[in-house]
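Peer 1: give me a model of this one.
(4 chains)
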Protein chains: 2
Amino acid sequence: MISDRSLEVLRAIVQDYIASKEPVGSKSLVERHSFGVSAATIRNDMAFLEDEELIHAPHTSAGRVPTDKGYRLFVDRLSEVKPLNSAEKLAIENFMVGSADLDETLGRTVRLLSQLTNQVAMVQYPTLGKASVRHIELIPAAQTRVLMVMITDNARIQQHVVELGTDVDEQFVGELRAKLNAALAGIALSEVSSKVKGVTAGMNAEELKISNLIIKNLLDQVDANRQEKIILAGTANLAKREEDFPGSISPVLEAIEEQVVLLKLISEMQAEQHGVSLRIGRENTFEGLANASVVVSGYENQGNEIAKLGVIGPTRMDYSSNISAVRAVARYLTKTLGN
Amino acid sequence: MISDRSLEVLRAIVQDYIASKEPVGSKSLVERHSFGVSAATIRNDMAFLEDEELIHAPHTSAGRVPTDKGYRLFVDRLSEVKPLNSAEKLAIENFMVGSADLDETLGRTVRLLSQLTNQVAMVQYPTLGKASVRHIELIPAAQTRVLMVMITDNARIQQHVVELGTDVDEQFVGELRAKLNAALAGIALSEVSSKVKGVTAGMNAEELKISNLIIKNLLDQVDANRQEKIILAGTANLAKREEDFPGSISPVLEAIEEQVVLLKLISEMQAEQHGVSLRIGRENTFEGLANASVVVSGYENQGNEIAKLGVIGPTRMDYSSNISAVRAVARYLTKTLGN
DNA sequence: TATTGGCACTCAGAGTGTTGGAGTGCTAAG
DNA sequence: CTTAGCACTCCAACACTCTGAGTGCCAATA
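Peer 2: Residues are numbered from 1 along each chain as shown, chains lettered A, B, ... in the order given. I've put the predicted structure just below:
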């Protein structure tokens, strides 16, 4: 059983280490915090914490540093979420004012989050959710290809090229476009697959084949979150924190450059406490992020979580501030999308 | 007047320095190259080159390092464009095979270029060029806002939110949309501004006001290259080359993260020799890129340059290889777009 | 006049001691 | 359980030396 004082010691170590970036020893610990006991006692507690693998000594006769496990215990049980100060709140308000379309809103959001935390920020584009079809456009793009564009009423545009395998018959494509729009305009995305069936009535085999190709593609886009996308900001913050990443920052850069890695990472993270999800150091399955921590929160539209946003930084980060920043920005984004 | 041998010495210094990353001295120079003269003679030449500010000694009794001016002379007069080896050609072919829509093609291209050069690669999205309007969509996006989407027949989509200042009249927006499409579908972008005028005939003052707002926005999009966009790949390569950037890589990261900076940079660069444009070190007006060089080439569609692509790396980069890689990728992209 | 060998000089960087201080673990006493 | 005391460890900083690569200059030479 871990004593209460040991936990206090762990909290103190984490806090001091985050502040000073130096391993923290028993003596400076009793100086800076009022435990009411001597350094020797603290040392006993530290020995215990080390047995539990919550802290770790980089070498004999050095202070201690929290392990991933130590940080985890800290955020789960010892840290309070620091409320934003008024300057930060103001920054958020100002940043969001006058946002126009989705691209711009998300672009602003990701920059805001990176400025607020001084970390790398990421925002995932929303999934389609409850939107409905506004317009479908088919554009002959090459000899045998058609570009399909779907516009939804939540102002998103999805596009994809369909390879037909045969030459494009412009007139037929025009007819199909009209039929699709007649059948689907105003229809919720969730209803598209059922409503689309009637469209192919009365077609001959050749036409049917082409139509089915295009419709299949359309359906792919409707349910596909494969189209997901993440935008980043503040990559330069990594370089500034370079000393926080043992070895090099380049594996981290590589990881965040790979949309696939980020999407996988994000999708694995489900909200825990405070509506925020956290991965610390080696908890990230991806090797390149072994020295990084990820803070993620979902944001909503019409009451449903539609995507996530968050920050990536060194394991030695200020969890309290970052968690509260991520939460706050997620809330403001939810609010902005509500309008 | 610079003697031929001095130029040879400069070339040797640049080559050795790029290869070894160490300042190069007179002795190792005569060992590695057959000048047919002694080290003392080379030293005289080096003194001359230093007077001309083509090379520079980091400190007394160290070897010499090319200056920006030295690199410039090197690329302009001394270097040959290194043809790609067959492995590289193969890589390009394989990479481009099966590209589908524009997004994907450009995405592949930028990754290809970064792999080929081991530098940060960038690709600018094409300007609208000679495209024509395929479809215009107006979507009420909020109380007083309309999302305008323009689809062109070269498979590009531009969107923007228009703030009307008054509540959206859905029916009128629908009518306007129909009128715009009737007037503009199939019209070349260059013709849009003249053809659009008739649309507002017979409208009352209120309708006219709204229409003009939307039309103004439409025209903005037509001629605007402000909508331009650049995609990046291989940022992690910067971190790997960290020692090549005196100080820190973070100013460089900051610069390339700013689309505005990159766009300005690119727009200032007009093709020089070999169809490639080059900025070396402080030739970049942007301060953060003082230790970086930029290699850029345009790519074409239907015989017109529609946008640019290139790489960013340390001033001490292998110019020959990078120039040829940028050229080759630009050509292949041009070819791919031709299909 | 251009080239060369020789020479004295410089200096960064690597290697080696030396030292001080912060930190530890252990033990015996309170 | 806590504490003071003590012996021990080891990093970091500093000073010092040494070496090798490199330089500039000069007088001799072709």
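Peer 1: mind listing what A:Leu213 touches?
Peer 2: A:162-165 (C-beta atoms under 8 Å, 6 or more residues apart in numbering or on different chains). All C-beta atoms are positioned from the backbone trio N, CA, C, and that covers glycine.
Peer 1: now do the SS call for it.
Peer 2: Secondary structure, DSSP: H, G, I helix; E, B strand; the rest coil: A:Leu213 is helix.
Peer 1: got a pLDDT number for it?
Peer 2: If you check A:Leu213, the pLDDT there is 87.
Peer 1: how about A:Lys130?
Peer 2: A:Lys130 is assigned 69 on the pLDDT scale.
Peer 1: in chain A, which spans are strands?
Peer 2: Assigned strands in chain A, in chain order: A:55-56, A:65-66, A:120-124, A:133-142, A:145-152, A:157-163, A:230-233, A:276-280, A:292-301, A:304-314 (criterion: DSSP state E).
Peer 1: still on that earlier bit, how about TSV for the contacts of A:Leu213, with neighbour count and distance to A:Val222 added?
Peer 2: What follows is the contacts of A:Leu213, written out as TSV (neighbours: other C-beta atoms under 10 Å in any protein chain shown; distance: C-beta to C-beta, whole Å):
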residue	neighbour count	distance to A:Val222
A:Val162	23	14
A:Glu163	14	19
A:Leu164	18	20
A:Gly165	10	22
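Peer 1: deepest-packed of the strands of chain A, please.
Peer 2: Most buried of these by mean neighbour count (mean count of other C-beta atoms under 10 Å in any protein chain shown) is strand A:120-124; its value is a mean of 26.
Peer 1: give the pairing partners of that one; include direction for each.
Peer 2: For strand A:120-124, the paired strands and their directions (DSSP bridges) read strand A:230-233 (antiparallel), strand A:304-314 (antiparallel).
Peer 1: between those, which one is closest to A:Arg11.
Peer 2: Shortest separation from A:Arg11 across the strands paired with strand A:120-124 is recorded for strand A:304-314, at 19.0 Å, computed as C-beta to C-beta.
Peer 1: and that closest one with strand A:276-280, angle?
Peer 2: Strand A:304-314 runs at 30 degrees relative to strand A:276-280, counting by axes from the mean of the first three to the mean of the last three C-alpha atoms, to 10 degrees.
Peer 1: A:Val30: which of the strands paired with strand A:120-124 is closest?
Peer 2: It is, among those and with distance given as C-beta to C-beta, strand A:304-314, at 27.1 Å.
Peer 1: keeping just the C-alphas, turn the closest one into CSV.
Peer 2: What follows is strand A:304-314, C-alpha atoms only, in CSV (Å, rounded to 0.1, in the frame of the first residue of the first chain):
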residue,chain,number,x,y,z
ASN,A,304,-22.5,13.8,-31.1
GLU,A,305,-18.8,13.5,-31.0
ILE,A,306,-17.8,14.1,-34.6
ALA,A,307,-14.0,14.2,-34.3
LYS,A,308,-11.0,14.8,-32.0
LEU,A,309,-8.4,17.3,-31.3
GLY,A,310,-5.3,17.4,-29.1
VAL,A,311,-1.7,18.1,-28.5
ILE,A,312,1.5,16.1,-28.7
GLY,A,313,4.5,17.0,-26.5
PRO,A,314,7.3,15.6,-24.4
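Peer 1: the inter-axis angle of that strand versus strand A:292-301?
Peer 2: Interaxial angle, strand A:304-314 versus strand A:292-301 (the same axes, to 10 degrees): 160 degrees.
Peer 1: pLDDT of strand A:304-314, averaged?
Peer 2: Average pLDDT, strand A:304-314: 93.
Peer 1: enumerate the residues of the stretch 151-300 of chain A near DNA strand C.
Peer 2: Within the stretch 151-300 of chain A, no position lies close to DNA strand C (C-beta under 7 Å from any atom of the strand).
Peer 1: apart from its neighbours in sequence, what residue is nearest the residue of the stretch 151-300 of chain A found nearest DNA strand C?
Peer 2: Closest approach of the stretch 151-300 of chain A to DNA strand C (C-beta to the nearest atom of the strand) occurs at A:Glu243, with a separation of 18.4 Å. Once flanking residues are discounted, A:Glu243 sits nearest to A:Lys21: 7.5 Å by C-beta to C-beta, 6 or more residues apart in numbering or on different chains.
Peer 1: list the contacts for that neighbour?
Peer 2: A:243-244, A:316.
Peer 1: cool, and A:Gly275?
Peer 2: Going by C-beta under 8 Å, 6+ apart, the list of residues near A:Gly275 reads A:297-298, A:327, A:330.
Peer 1: just the residues you listed now: which is nearest A:Arg145?
Peer 2: For the contacts of A:Gly275, the nearest to A:Arg145 is A:Gly298 (36.7 Å; C-beta to C-beta).
Peer 1: ok, the closest one touching A:Val326?
Peer 2: No - A:Gly298 is beyond contact range of A:Val326, at 10.3 Å (criterion: C-beta atoms under 8 Å).
Peer 1: who's in contact with A:Ser321?
Peer 2: Contacts for A:Ser321 (C-beta under 8 Å, 6+ apart) come out as A:82, A:117.
Peer 1: how does it look with 10 Å?
Peer 2: Residues in contact with A:Ser321 (C-beta atoms under 10 Å, 6 or more residues apart in numbering or on different chains) are A:18, A:81-82, A:84-85, A:88, A:116-119.
Peer 1: need phi/psi at the spatially closest residue to A:Lys195 that is not a sequence neighbour.
Peer 2: Nearest non-adjacent residue to A:Lys195, counting by C-beta to C-beta, 6+ apart: A:Ile187, 5.2 Å away. Main-chain dihedrals, A:Ile187, degrees, to the nearest 10: phi -80, psi 140.
Peer 1: now the strands paired with strand A:120-124 in TSV, with distance to A:Gly338?
Peer 2: Below are the strands paired with strand A:120-124 laid out as TSV (distance: least, C-beta to C-beta, whole Å):
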stretch	distance to A:Gly338
strand A:230-233	21
strand A:304-314	12
